[in-house]
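Student: Sequence below, structure please.
(one chain, ligands or ions: 1)
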Amino acid sequence: MKIIRVKDEIEGGQEALALFKDQVKQGAHVFGLATGSTPNTTYQALCQSDLDFSEAISINLDEYVGLSHNDPQSYYSYMVEHLFKQKPFKHSYLPDGTNEDADEECQRYSRIIAQNPVDFQLLGIGRNGHIGFNEPGSPFDGTTRKIKLTESTLNANARFFANEADVPRYAYSMGIGEIMQAKTILLEAYGMNKADAIQKTIEGPVTPNVPASILQKHPNVYFILDEEAASKLSK
Ligand code: F6R
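Tutor: Numbering: from 1, shown residues only. Okay, the predicted model is just below:
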């Protein structure tokens, strides 16, 4: 486990860009991507870089159930806006939130992940320690599932919607077992409201109550943390 401490998320984005460049140099071809506010500065840095993803594949962690790709609140729209518009990939995969047959959609997405093993996986972390939308209690060997979002996640996501009632209650998310298959993982966390989750993830017991704690068992994981997110670590 390597911890990179940064002053703020701008510097974090530059460190993440350096890791992306290194991965590309090593031949990485499949990139696991995240949404939310955390990767914003990373995507900005990628957009301003000379990296070319036109022969690469991206696979996103999750999508809200019920939202179509055209919906401005969908994670698909987020990715177009923040990255794909400027840096298109050869193929970009996200779960299809409009597929009402959850079993079919989850099996379809798991097949995509199995056929395109992720070289480099980017992660954020929820205040409750979730990765993807694998909320506390999710199985460590899980594959893509329809997940009921917890109150904590709904509250955190409400900032992106005009009304709290509009926040989707369910998401399709890659499972922890699939996330752990990535050859290299980078988790970024910024701000005080991530400090508890980061302390438990890095220094606490490995437990499904803190889904990200399983990363302690991954052979190749980086954390980029600002001072606040790292403030509760003992070292
Ligand atoms: C998003 C995702 C989530 C977020 C997490 C943190 O694709 O998988 O795990 O990374 O909820 O969200 P932000 O970055 O908005 O604090």
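
Student: what's the burial count for Gln48?
Tutor: 12 (other CB atoms under 10 Å). The way it works is simple: take the backbone N, C-alpha and C, and place the C-beta from them, glycine included.

Student: Kindly export the least confident helix or strand in the chain by mean pLDDT (C-alpha atoms) in PDB.
Tutor: Lowest by mean pLDDT, DSSP states H and E among the helices and strands of the chain is helix 151-157, with a mean of 86. C-alpha atoms of helix 151-157 as PDB (Å, rounded to 0.1, in the frame of the first residue of the first chain):
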ATOM      1  CA  GLU A 151     -29.500   7.000   4.000                       C
ATOM      2  CA  SER A 152     -25.900   8.300   4.400                       C
ATOM      3  CA  THR A 153     -25.300   7.800   0.600                       C
ATOM      4  CA  LEU A 154     -28.700   9.300  -0.300                       C
ATOM      5  CA  ASN A 155     -27.900  12.400   1.800                       C
ATOM      6  CA  ALA A 156     -24.500  12.800   0.300                       C
ATOM      7  CA  ASN A 157     -25.800  12.400  -3.300                       C
END
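
Student: Would you mind writing the CA trace of the helix or strand that comes right after that helix as PDB?
Tutor: For helix 151-157, the following helix or strand on the C-terminal side (DSSP states H and E) is strand 170-173. Extracted as PDB, the C-alpha positions of strand 170-173 are listed here (Å, rounded to 0.1, in the frame of the first residue of the first chain):
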ATOM      1  CA  TYR A 170     -31.000   2.100  -6.200                       C
ATOM      2  CA  ALA A 171     -27.800   1.700  -8.300                       C
ATOM      3  CA  TYR A 172     -26.200  -1.000 -10.300                       C
ATOM      4  CA  SER A 173     -22.700  -1.400  -9.000                       C
END
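
Student: about what we covered before: can you give me the buried ones in the least confident helix or strand of the chain?
Tutor: Thr153, Ala156, Asn157 (16 or more other CB atoms under 10 Å).

Student: Next one: the second one relative to Glu135, how far apart?
Tutor: Meaning Ala156. Separation of Ala156 from Glu135 (CB to CB, to the nearest Å): 12 Å.

Student: Which residue, other than its chain neighbours, is closest to Asp96?
Tutor: Once flanking residues are discounted, Asp96 sits nearest to Glu105: 5.8 Å by CB to CB, 6 or more residues apart in numbering.

Student: Flag every residue of this protein that's near the ligand.
Tutor: Proximity of the chain to the ligand, by CB under 6 Å from any ligand atom, involves residues 34-38, 61-62, 124-126, 130-133.

Student: Find me the pLDDT at the residue nearest to Asp96, would you?
Tutor: Predicted confidence (pLDDT) for Glu105: 98.

Student: which ones are touching it?
Tutor: Contacts for Glu105 (CB atoms under 8 Å, 6 or more residues apart in numbering) come out as Pro95, Asp96, Asn99, Thr144, Lys146, Tyr172.

Student: how many other residues sit next to the residue lying closest to Gly191 once chain neighbours are set aside?
Tutor: Excluding the flanking residues, the one nearest Gly191 by CB to CB, 6+ apart is Glu228, at 5.3 Å. Neighbourhood size, Glu228 [other CB under 10 Å]: 16.

Student: Repeat that for the one 3 residues further on.
Tutor: For Ser231, the count of nearby residues is 14 (other CB under 10 Å).

Student: list the contacts for it?
Tutor: Ser231 touches Met192, Ala195, counting by CB under 8 Å, 6+ apart.

Student: helix/strand/coil for it?
Tutor: coil (DSSP: H, G, I helix; E, B strand; the rest coil).

Student: Where does pLDDT dip in this protein?
Tutor: Judged against pLDDT under 70, the chain has no low-scoring part.
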